[in-house]
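Enquirer: Return a 3D structure for these sequence lines:
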Amino acid sequence: MSGILYFVPTPIGNLEDMTYRAVSVLKEVDYILCEDTRTSGILLKHFEISKPLKSYHLHNEHQATDKVITDLKSGQNIAIITDAGTPGISDPGYLLAKAGADHQIDMICLPGATAFVPALVVSGLPNNEFLFAGFLPQKKGRQTKLKQLAEEKKTIILYESPHKINTTLEQIKEFFGENTKVSLSREISKKFEETKRGTIIELIEFSKSKTLKGEIVLIINNSI
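Expert: Numbering: from 1, shown residues only. This is a model prediction of the structure:
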């Protein structure tokens, strides 16, 4: 009988967001897949979890997936975590989920931390219909992607890093229009959590007026 593959969310900044169930699952599985064994080792130590850690990240997931599926088929229960948030959401996990589905492996994803949901809720922008686009392409295809997103008549959600935020905001103005309403959230769940709402022009001024740190979530009002 095959084992179970668990997708376990981990805190995106505040350790108190770790759920009892997540700790329980991580204590019960045979081993844990993670992006960075050092980062995840700190988390496991905090919650007194003593299970083997195995690296599973963007650079080795193609090679590692087959071995994980073999272990699952042999009856082992395995959990995958990332440095922060829910596996598979702009983080490693999709390839493993696809392989699990192809091989009819039982899979369970625990509810838990992810950055875009709280950012969407507090944005004050329409959330009845939205498109999560994650990170834009770094270079090739970036403008094509923005053009496609601008044609979607629904709220758009993007992730962005601090060093590219000014460029991205300027591109949003170019493709969505200067009257577009945007919400910018950063450092979600951390001490200096902050959300700024306004037109794209106001958000550009805000971003240029200070050095933004931490992962940023942009909510763009493109609904009719």
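
Enquirer: Run through who's touching the helix or strand hosting residue 147.
Expert: Taking DSSP states H and E as the definition, residue 147 sits inside helix 142-150. Residues outside helix 142-150 that contact it (Cβ atoms under 8 Å, 6 or more residues apart in numbering) are 131, 133, 136, 137, 156, 171, 172, 174, 175, 176, 220, 222. Every residue, glycine included, has its C-beta placed from N, CA and C.

Enquirer: quick one, what contacts the fourth one?
Expert: The one in question is residue 137. residue 145.

Enquirer: shift numbering so it begins at 3
Expert: In the new numbering, first residue 3, that becomes residue 139.

Enquirer: which phi and psi does it have?
Expert: phi -60, psi 140 (degrees, to the nearest 10).

Enquirer: just to revisit the earlier point, so which of the contacts of helix 144-152 wins on neighbours?
Expert: residue 222 (27 neighbours; other Cβ atoms under 10 Å).

Enquirer: In contact with that residue, which residues?
Expert: 127, 151, 157, 158, 159, 160, 174, 178, 182, 183, 184.

Enquirer: circling back to that earlier point, give me the distance from the helix holding residue 149 to the chain's centre.
Expert: Chain-centre distance of helix 144-152: 20 Å, with Cα atoms, centre = their mean, to the nearest Å.

Enquirer: same question, stretch 166-175
Expert: Worked out by Cα atoms, centre = their mean, stretch 166-175 lies 20 Å from the chain centre.

Enquirer: again, but for stretch 174-184
Expert: 24 Å.

Enquirer: One more: stretch 175-190?
Expert: 19 Å.

Enquirer: can you pull the buried residues of that stretch?
Expert: Within stretch 175-190, the residues that qualify as buried are 175, 177, 178, 182, 183, 184, 185, 186, 187, 188, 189, 190, counting by 16 or more other Cβ atoms under 10 Å.
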